[in-house]
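Novice: Got a predicted model here, sequence first, then my questions.
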Amino acid sequence: MKRSDLVLLVLGGSIFCLFLAFSCGGGGGGGGGGPALNTFAFVSNNSGHNLSAYLLSPQSGVLTEVSGSPYATSANPDGQASAPDGKYLFVLNSEDNNLSAFSVDADTGQLSEIPGSPFSTGPFPISAAVDPTGRYLYVATFGTTAISGYGVSSATGVLTALPASPFATSFNPYGTAINPDGRFLYLTNRDNDTISAYAISSSTGVLTSVPGSPFASSDYPISIVIEPSGRYVYVNNLFSDNITAYSLNDSSGALSVLPGSPFPTSNSPRDVAVHPSGNWLYVGTNSNNVNAFAIDDSTGTLTALPGSPYAASSVIAGVSVDPAGHYLGAASFSSNVVNVYDIDQSTGALSQVPLSPFAAGNNPWFILFVEVQ
């Protein structure tokens, strides 16, 4: 989306911001008695043309900026995606039609640009997803009818275009998500209110359209997330102020709208993240708040939590939950800060951690928690 589009929507009383949902984190990892793994938060500062990096305290949720932060990117960094082990970070630069690729130091969180970076993409790269094996990266390019696929070198993080890439979509592809076992990819098509579904070849990464795709959504589907069991899919619809919920057929990849869907939200739901337990769903909105929902395990239906929505500093452009499930980060676009919330492990309720909000760069557009192994 262009900066001019953002201005028009500001004048209309709502701000249209970008988010790609991915979350890693913890500080409590390293199972089997091994050392704890560090969790870092990376924030795309869209108008600052750089990336802020922070260490997340597993005890308090406080963010401490990493030495060398912020790190330069190309113009207008937007969405991000990370390798499953956190070793590589990919940052989409929408105005320069490329992506910056970094290796992440597991001890310090410092970033080093990967040789060959930035890598060319299609016009206006807006969201990305890495498959669970870490071998394939997919990038949606807004303003086109395509999604691009890349092979990721496990040794270097260098990207190579997949055979037959780019793959056809509907017009203006936006949000991307891959199911937990890595067999299916889903893509929101903003301007025709649909969701495209693809089977992923495990051997080549090539995408093949799922029978019945694309599937209907509501007005302006933006962000998409799949809960950890892989049974349910949730899509934010920016202009209809709701969430469409689907069941996911594990055999075919087809989507079916759940009873009671869509579920209402505050004005202009911008981004969505799911708790690693699968119990709760969190939605950042243009109403300066975060909506929180309980997910019914047997039906996938959503129920607003008592106390929801939770106040934030400004329009929330992105939300992310750390993999340990202790904290939610929210990028407050207009305030140049990041709100961090403690997540009650019994109820899913949110409360801001001490010292929150934390200073970010100019127009923080996206937040990503990464636990580095």
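Specialist: Now that the structure is in, tell me what you want to look at.
Novice: use CA for all of it now, contacts and neighbours both
Specialist: Will do.
Novice: show me what contacts the closest residue to residue 349 other than its chain neighbours?
Specialist: Using CA to CA, 6 or more residues apart in numbering and skipping residues adjacent in sequence, the residue nearest residue 349 is residue 343, 5.8 Å away. By CA atoms under 8 Å, 6 or more residues apart in numbering, the residues touching residue 343 are 325-328, 349-351.
Novice: Where do the strands of the stretch 1-150 of the chain begin and end?
Specialist: Under the criterion DSSP state E, counting those that start in this stretch, strands of the stretch 1-150 of the chain are mapped to 39-45, 50-56, 63-65, 71-72, 77-82, 88-93, 98-104, 111-113, 119-120, 125-130, 136-141, 146-152.
Novice: can you list those strands in JSON lines and add distance to residue 228 and mean neighbour count?
Specialist: Formatted as JSON lines, the entries for those read as follows, by distance: least, CA to CA, whole Å; neighbours: other CA atoms under 10 Å:
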{"stretch": "strand 39-45", "distance to residue 228": "20", "mean neighbour count": "29"}
{"stretch": "strand 50-56", "distance to residue 228": "23", "mean neighbour count": "25"}
{"stretch": "strand 63-65", "distance to residue 228": "26", "mean neighbour count": "19"}
{"stretch": "strand 71-72", "distance to residue 228": "31", "mean neighbour count": "16"}
{"stretch": "strand 77-82", "distance to residue 228": "17", "mean neighbour count": "30"}
{"stretch": "strand 88-93", "distance to residue 228": "22", "mean neighbour count": "28"}
{"stretch": "strand 98-104", "distance to residue 228": "25", "mean neighbour count": "23"}
{"stretch": "strand 111-113", "distance to residue 228": "29", "mean neighbour count": "19"}
{"stretch": "strand 119-120", "distance to residue 228": "30", "mean neighbour count": "17"}
{"stretch": "strand 125-130", "distance to residue 228": "15", "mean neighbour count": "29"}
{"stretch": "strand 136-141", "distance to residue 228": "19", "mean neighbour count": "27"}
{"stretch": "strand 146-152", "distance to residue 228": "23", "mean neighbour count": "23"}
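Novice: and stretch 252-265, average pLDDT?
Specialist: Mean pLDDT, stretch 252-265: 98.
Novice: For that stretch, list the C-alpha coordinates in PDB.
Specialist: Extracted C-alpha coordinates of stretch 252-265, given in PDB (Å, rounded to 0.1, in the frame of the first residue of the first chain):
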ATOM      1  CA  SER A 252      -7.600 -31.100   1.000                       C
ATOM      2  CA  GLY A 253      -6.600 -27.700   2.400                       C
ATOM      3  CA  ALA A 254     -10.100 -26.400   1.700                       C
ATOM      4  CA  LEU A 255     -11.700 -23.800   4.000                       C
ATOM      5  CA  SER A 256     -15.200 -23.700   5.400                       C
ATOM      6  CA  VAL A 257     -16.800 -20.800   7.200                       C
ATOM      7  CA  LEU A 258     -17.500 -21.600  10.800                       C
ATOM      8  CA  PRO A 259     -21.000 -21.100  12.400                       C
ATOM      9  CA  GLY A 260     -21.400 -17.700  13.900                       C
ATOM     10  CA  SER A 261     -18.700 -16.200  11.600                       C
ATOM     11  CA  PRO A 262     -17.800 -13.400  11.000                       C
ATOM     12  CA  PHE A 263     -17.200 -12.200  14.600                       C
ATOM     13  CA  PRO A 264     -17.300  -8.400  15.300                       C
ATOM     14  CA  THR A 265     -14.300  -6.300  16.300                       C
END
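Novice: if we look at that stretch, which residues are touching it?
Specialist: The contact list for stretch 252-265, computed with CA under 8 Å, 6+ apart, reads 184, 197-199, 210-213, 215, 218, 241-249, 291, 299-302.
Novice: Restricted to strands, list those residues.
Specialist: When DSSP state E is applied, those are split such that 184, 197-199, 215, 242-248, 291, 302 fall in strands.
Novice: Export the strands of the stretch 1-150 of the chain to JSON lines and append columns for mean pLDDT.
Specialist: Formatted as JSON lines, those follow (pLDDT from 0 to 100):
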{"stretch": "strand 39-45", "mean pLDDT": "98"}
{"stretch": "strand 50-56", "mean pLDDT": "98"}
{"stretch": "strand 63-65", "mean pLDDT": "98"}
{"stretch": "strand 71-72", "mean pLDDT": "97"}
{"stretch": "strand 77-82", "mean pLDDT": "96"}
{"stretch": "strand 88-93", "mean pLDDT": "98"}
{"stretch": "strand 98-104", "mean pLDDT": "98"}
{"stretch": "strand 111-113", "mean pLDDT": "98"}
{"stretch": "strand 119-120", "mean pLDDT": "96"}
{"stretch": "strand 125-130", "mean pLDDT": "97"}
{"stretch": "strand 136-141", "mean pLDDT": "97"}
{"stretch": "strand 146-152", "mean pLDDT": "97"}
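Novice: As TSV, those with distance to residue 229 would be great.
Specialist: What follows is the strands of the stretch 1-150 of the chain, written out as TSV (distance: least, CA to CA, whole Å):
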stretch	distance to residue 229
strand 39-45	23
strand 50-56	26
strand 63-65	30
strand 71-72	35
strand 77-82	20
strand 88-93	25
strand 98-104	28
strand 111-113	32
strand 119-120	33
strand 125-130	18
strand 136-141	21
strand 146-152	25
